[in-house]
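**Q** Could you work out the structure for the sequence below:
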Amino acid sequence: MKKYYNSSGKTNAPLSGACEINGIVYLSGQIHTDENWKIIGETVEERFSIIMKKVEEILSEAGLTKNNIIRVQIYLTNISEIKDLNSVYVEYFDIHPMPVRTAIGVTELPLGASLEIDIIASR
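**A** Below you'll find the model as predicted:
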């Protein structure tokens with residue numbers, strides 16, 4: 001049975017915030033926007049924080065926390081920002097073992113974002 005969570009749907013995006021199947025929660029990719037879809041965040045640290053706040057809202061709706069995250073996919077339009085992102089990432093994920101992760105350099109992201117994060121969590 002599928003269950004949907006819509007925290008990110010507050011902005012009328014054409015997607016669900018997350019879908020749960022058999023105890024695995026798949027979150028839609030999150031970018032660093034405000035509630036009006038305006039890109040916000042000057043530094044990679046600010047952008048990461050904005051995105052993870054959205055992730056935590058969706059996880060909370062599903063009754064989960066960041067400790068339930070098992071996979072993180074990171075998309076960067078400037079892959080050289082990975083060093084700065086790693087600094088804030090290890091502070092945020094102060095759990096061991098850490099989630100598995102992939103970081104991918106891309107040409108562009110929706111709405112001109114420079115960072116998008118895709119999460120999978122498990123009960």
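
**Q** Below-threshold pLDDT in the protein: ranges please.
**A** 7-12 (pLDDT under 70).

**Q** Tell me where this structure has helices.
**A** Applying DSSP state H to the chain gives helices spanning 44-61, 82-92.

**Q** Could you list the buried residues of the last one?
**A** Burial within helix 82-92, assessed by neighbour count using 16 or more other C-beta atoms under 10 Å, is assigned to 85, 88-89. In short, each C-beta sits where N, CA and C put it, glycine included.

**Q** that older thread, who wins for proximity to Glu108 among the helices of the chain?
**A** With C-beta to C-beta as the measure, helix 44-61 is the member of these nearest Glu108 (15.0 Å).

**Q** What helices and strands are in contact with the closest one?
**A** strand 18-21, strand 24-27, strand 30-31, helix 82-92, strand 115-122 (3 or more C-beta pairs under 8 Å, 6 or more residues apart in numbering; DSSP states H and E).

**Q** Just the angle for that helix relative to helix 82-92, thanks.
**A** 40 degrees (axes from the mean of the first three to the mean of the last three C-alpha atoms, to 10 degrees).

**Q** In PDB, could you pull the C-alpha coordinates for helix 44-61?
**A** The C-alpha coordinates for helix 44-61 follow below in PDB (Å, rounded to 0.1, in the frame of the first residue of the first chain):
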ATOM      1  CA  VAL A  44      26.100  26.300   0.000                       C
ATOM      2  CA  GLU A  45      25.700  26.100   3.800                       C
ATOM      3  CA  GLU A  46      22.600  28.200   3.700                       C
ATOM      4  CA  ARG A  47      21.200  26.400   0.700                       C
ATOM      5  CA  PHE A  48      21.800  23.000   2.400                       C
ATOM      6  CA  SER A  49      20.100  24.200   5.600                       C
ATOM      7  CA  ILE A  50      17.000  25.500   3.700                       C
ATOM      8  CA  ILE A  51      16.700  22.200   1.900                       C
ATOM      9  CA  MET A  52      17.200  20.000   5.000                       C
ATOM     10  CA  LYS A  53      14.500  22.000   6.800                       C
ATOM     11  CA  LYS A  54      12.100  21.000   4.100                       C
ATOM     12  CA  VAL A  55      13.300  17.400   4.300                       C
ATOM     13  CA  GLU A  56      12.700  17.400   8.000                       C
ATOM     14  CA  GLU A  57       9.200  18.700   7.600                       C
ATOM     15  CA  ILE A  58       8.300  15.900   5.200                       C
ATOM     16  CA  LEU A  59      10.000  13.300   7.400                       C
ATOM     17  CA  SER A  60       8.100  14.600  10.400                       C
ATOM     18  CA  GLU A  61       4.800  14.300   8.600                       C
END
